[in-house]
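Participant: Turn this into a structure:
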Amino acid sequence: MRVVVLADTHAPRRWKSCPPQVASHLRRADVILHAGDVCTSAVLDEIAQYAPVHAVRGNNDGPDVAAWGAPDVAELDLGGVRVAMLHDSGQAAGRLRRMGSRFPDADLVVFGHSHIPLDQSAGGVRVFNPGSPTDRRRQPRGTLGVLRIEEARLVQASIVAVT
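Facilitator: Coordinates of the predicted model:
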């Protein structure tokens, strides 16, 4: 299973329509995760044309994103891998411990908010932030995440530059 992970697309200010380099990854996705700050449900409708979408609300998401079906927190099984997703995981200090306590059954915790790509693990907890494909802030490139799941295991997690 190939999972494309997005966060912090910030439409329509930053995302007018799906950028071509993002679309090239979405075309190969089996599932798409969006870790919040979509800002308009039209983005979720747009990316759902590529593959099924699971999304959570971010601090900049309005009622239309909630009405689309995005909760504050999602816990799902993707090919046998237990994934928890939220927008804001809090400050960096203590993040792994905090996420491990909050989601003790998760194999992976996906989040956004900081726009800073991150793949970190320790003590049996793995956290993953894809960064932002459209609002890189202080990062050198816009990014998204790609997860590969095989035989109920996360076998690869990559941060991919798209700008």
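
Participant: For the rest of this, base every contact and every neighbour count on C-alpha atoms.
Facilitator: Fine.

Participant: ok, now how distant is Val65 from Gly94?
Facilitator: Val65 is 30 Å from Gly94, where distance means C-alpha to C-alpha, to the nearest Å.

Participant: and those two? which has more neighbours close in?
Facilitator: Under the neighbour definition other C-alpha atoms under 10 Å, Val65 and Gly94 were set side by side, and Val65 has more, 24 against 9.

Participant: quick one: the strands in this structure?
Facilitator: Using DSSP state E, the strands found in the chain span residues 2-6, 31-34, 53-55, 73-78, 81-86, 108-110, 118-122, 125-129, 143-150, 153-161.

Participant: Walk me through which strands the third one pairs with, and which way each runs.
Facilitator: Okay, so that is strand 53-55. The strands beside strand 53-55 in its sheet (DSSP bridges) come out as strand 31-34 (parallel).

Participant: Restrict the partner strand to CA atoms and write it as PDB.
Facilitator: Only the C-alpha atoms of strand 31-34 are listed here, as PDB (Å, rounded to 0.1, in the frame of the first residue of the first chain):
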ATOM      1  CA  VAL A  31      -4.700   6.200   0.300                       C
ATOM      2  CA  ILE A  32      -4.200   9.900   1.100                       C
ATOM      3  CA  LEU A  33      -3.800  11.400   4.600                       C
ATOM      4  CA  HIS A  34      -4.100  15.100   5.200                       C
END
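
Participant: which other residues reach that strand?
Facilitator: 1-7, 26, 47-48, 51-56 (C-alpha atoms under 8 Å, 6 or more residues apart in numbering).

Participant: Stretch 63-76: which residues count as buried?
Facilitator: If you call a residue buried by 16 or more other C-alpha atoms under 10 Å, then stretch 63-76 has these buried ones: Val65, Ala66, Ala70, Pro71, Asp72, Val73, Ala74, Glu75.

Participant: and these, which two are the farthest apart?
Facilitator: For the buried residues of stretch 63-76, the maximum inter-member distance is 17.6 Å, found between Val65 and Glu75 (C-alpha to C-alpha).
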